[in-house]
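Engineer: only geometry, no sequence info:
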């Protein structure tokens, strides 16, 4: 800190010494205006950087602001404190833990000089003059633990000459010029002079010379060994700093295997019967999230804490780790599920707990953030279940870090901008609109950046607002939105069926300009899909600008950029782009980021979370992510949409299957949420299982179609029999799965997924020929037909009139080369949820096609579906409560 000449000289000597022996050394120079907080922030960054093996804070700190030196030196991580000045290192030295601490460099250098004499220290009488923290006190401890009998003298010692005369070894660090006289010294003593003092000398050009604390000329006549000043202890201090740095690097390499995390896992205390999810979650004491961040190699300045159990991670980590090879990429999907779900989230968590806590692999889970709508509605939470959960589950299932609320605000800002713009265009002249859109401020008119982009889109290459013609002003101010083409709806993160169709603009102030509209649930917003597919803040902003909200009356697409709202959206969403860090019950790291719908969107967590996780785990680690719904929907979109945009290539597909779902596909009775299962599902029935394996076979075929090895995870329930489970494993292997294993992770945590984890490890080494299903340059209809025939098993597709019109419109508007995101029921491979198994020969009806241009896909609508769920008769919130004393969340998620 600052610019002291003496400090600069010392630093120069240290940098020169480091360069001579091949140590990479840097000088971080803070200005003399630096505050204590500035210095502490810099130290925290160096503490966390594994590429730095040691660092020193050059004292004194030359700052205009008050800085507590003790606080600064103690902020240095003990394992990097190569100056040995922290209280922890000093304490270890005073206790004799010489192999587990760093010794201050000057005493260490003095000790090395004594050793070089060949004189044995053990049993000798040593005297140390001075008791400073830097030299005197640690020198006393060092000599003591090398078995000398040590006396420390200081300014208050009344018999100094007498004590010096007893010394076989004399170390002087008093800071007083030539204080120790030659006649005091015991004949044959070893004298180490640490003093640096300036005394007047008219023979020198500077008018002064450097002397030590010992009268050298007389002392050398009596001492057997004596250090000169200068040129004695000083160079040794620098040499010891280099040695300590090398020792630090050696300790680091011994302790940390390259690419291996040092991570503390939580031991599960398993109970039978398995308690409720919330009971299990609350019984676990999560690690502080900053500890999790440190364990996986994140730096303090890359982590924004949101309390003790969740944090956001800065995107800057991608730049820091850009040369780090990616780990293995695993996607968890499932067979066509029952309405109860088959445990994909539970399997995802169980797999990462097995890989991490039991096989000690670097592993990250990347999952979607759940919507509060289903949490309080019919589904409950989505944190996994049993002993495979993301914790704390109440934090996971509720607000988390506010990302969904930010999406709600951003989405509704666009909706408000649409209606406000139509209102103003209907009630104002061109010139009045222009005057308000480009106002005169202090007599000066200026286009904003987003308005310049609109002008360029219109082919108007002018930057002077006064230079536009009347025709150009008209084109600039009139979006001329056709109300019947508006596709952008307001959103809310609550299940509210009565908002599915509403009338807006009924206030008298809107002058009769009302229209029919609707609310969707927040996670269905295109902004959520953009967040999930964005490659960074800049890419997200560009995608926002491309979002098409309606068409003009001339059939031209109207975008968020045209509305002038892009920059505001980026501001509202600037924090949401950072993935959220949490942990599993067993202490493995989890990114929870983005939660797009799996029907009208692609149903996968964010590209950014996956990319950061793949860098953090390293080339031998694993990133396990989950795709929504069955393999025909979530996995297909993961490959054809998410992987296409991210550039990432998966290594393994984990396909989750259950005996329950296979019995349903084999002709079993309907499975309904909230209704007890019929006896066919609780009693052994091998015939139903075998027949239902047609769905399993088709989904294995779907995964293999993309060239990726498939491991089937048979998620065992307590009602399943060994014969039923064995039959599923057999069918899966015969259908071409790389492997198939029974899993009991719900009841046993990671231990119950060990066989799955080992199978995934083996599969990740198998040949992989990943490929997309279609070329995006194909016509829209051909891409839809390929998905229907190859993935669903349809004979053909049928486009209804509205869908045909959209094909023509989107092709004309230039959106024909976007990937396809099919919006179809997840309860069947076909469009009919009642058709189970693996139906074939059906014609898939395409009712309509819509565009999410910013997200980057077209979504055909197959059948009818709602983007605003309703509440059931008895919603989940009946079981949720808050303890007013402890503040804990109680009830079931």
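Structural biologist: Cool, the structure landed. This is a predicted model, so every value here is computed, not measured.
Engineer: got the end-to-end distance for stretch 829-845?
Structural biologist: From its first residue to its last, stretch 829-845 covers 13 Å (C-alpha to C-alpha, to the nearest Å).
Engineer: likewise for stretch 178-189?
Structural biologist: End-to-end for stretch 178-189, by C-alpha to C-alpha: 17 Å.
Engineer: likewise for stretch 366-386?
Structural biologist: End-to-end distance (C-alpha to C-alpha), stretch 366-386: 19 Å.
Engineer: to the chain's geometric centre, what's the distance from that stretch?
Structural biologist: Taking C-alpha atoms, centre = their mean, to the nearest Å, one finds stretch 366-386 lying 20 Å from the centre of the chain it belongs to.
Engineer: quick one: mean pLDDT for that stretch?
Structural biologist: Averaged across stretch 366-386, pLDDT comes to 79.
Engineer: same question, stretch 509-525
Structural biologist: Averaged across stretch 509-525, pLDDT comes to 93.
Engineer: residues making contact with it?
Structural biologist: 371, 373, 404, 407-408, 411, 419, 422-423, 426-427, 483, 486, 489-496, 499-506, 528, 595-597, 600-601, 867-869 (C-beta atoms under 8 Å, 6 or more residues apart in numbering). For glycine as for every other residue, the C-beta is placed from the backbone atoms N, C-alpha and C.
Engineer: stretch 562-569 now?
Structural biologist: Contacts of stretch 562-569 (C-beta under 8 Å, 6+ apart): 410, 413-414, 417-418, 421, 448-451, 454, 457, 479, 527, 541, 544-545, 549, 560.
Engineer: related to what we said a few turns ago, weed out the non-buried ones from the contacts of stretch 509-525.
Structural biologist: Buried residues within the contacts of stretch 509-525, counting neighbours by 16 or more other C-beta atoms under 10 Å: 371, 373, 404, 407-408, 411, 419, 422, 486, 489-496, 499, 505, 528, 595-597, 600-601, 867-869.
Engineer: show me the contacts of stretch 562-569 that map onto helices.
Structural biologist: With helices defined by DSSP state H, the entries of the contacts of stretch 562-569 inside them are 410, 413-414, 417-418, 421, 449-451, 454, 457, 527, 541, 544-545, 560.
Engineer: if you rank those residues by neighbours, which is first?
Structural biologist: residue 527 (32 neighbours; other C-beta atoms under 10 Å).
Engineer: pretty sure that one contacts residue 410?
Structural biologist: Yes - between residue 527 and residue 410 there is a contact under C-beta atoms under 8 Å: 5.3 Å.
Engineer: can you list residues touching both of these two?
Structural biologist: 569, 573.
Engineer: what pLDDT, on average, does stretch 202-215 get?
Structural biologist: Mean pLDDT, stretch 202-215: 92.
Engineer: which positions within it qualify as buried?
Structural biologist: 210-215.
Engineer: inside strands: which ones of the contacts of stretch 509-525?
Structural biologist: 490-492, 502-504 (DSSP state E).
Engineer: tell me the one of those residues nearest residue 395?
Structural biologist: residue 492 (21.3 Å; C-beta to C-beta).
Engineer: list the contacts of that closest one.
Structural biologist: 408, 499, 519, 521-522, 868.
Engineer: per-residue pLDDT, it?
Structural biologist: Residue 492 is given a pLDDT of 95.
Engineer: quick check: beta-bridge partners of it?
Structural biologist: residue 521 (DSSP bridges).
Engineer: tell me which element residue 171 falls in.
Structural biologist: strand 169-172 (DSSP states H and E).
Engineer: name the SS class of residue 336, please.
Structural biologist: coil (DSSP: H, G, I helix; E, B strand; the rest coil).
Engineer: once you drop chain neighbours, what's closest to it?
Structural biologist: Distances taken as C-beta to C-beta, 6 or more residues apart in numbering put residue 630 closest to residue 336, at 4.4 Å, once the chain neighbours are dropped.
Engineer: and that neighbour, how many neighbours?
Structural biologist: There are 28 residues near residue 630, going by other C-beta under 10 Å.
Engineer: out of the contacts of residue 492, who's nearest residue 75?
Structural biologist: The closest of the contacts of residue 492, once distances to residue 75 are taken by C-beta to C-beta, is residue 408, at 40.9 Å.
Engineer: nearest spatial neighbour of the closest one, chain-adjacent residues omitted?
Structural biologist: Once chain neighbours are set aside, the closest to residue 408 by C-beta to C-beta, 6+ apart is residue 522, at 4.8 Å.
Engineer: show me where the stretch 601-750 of the chain has strands.
Structural biologist: 622-626, 652-657, 710-715, 739-743 (DSSP state E, counting those that start in this stretch).
Engineer: give the partner strands of the third one in its sheet and their orientations.
Structural biologist: Paired with strand 710-715 in the same sheet, following DSSP bridges, are strand 652-657 (parallel), strand 739-743 (parallel).
Engineer: and residue 314, which of the ones you listed is closest to it?
Structural biologist: For residue 314, the closest of these is strand 652-657, at 29.2 Å, according to C-beta to C-beta.
Engineer: quick check: mean pLDDT of that closest one?
Structural biologist: 98.
Engineer: okay, the buried residues of stretch 202-215 in TSV with distance to residue 435 next?
Structural biologist: Formatted as TSV, these follow (distance: C-beta to C-beta, whole Å):
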residue	distance to residue 435
210	78
211	82
212	82
213	83
214	87
215	90
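Engineer: noted, bye for now.
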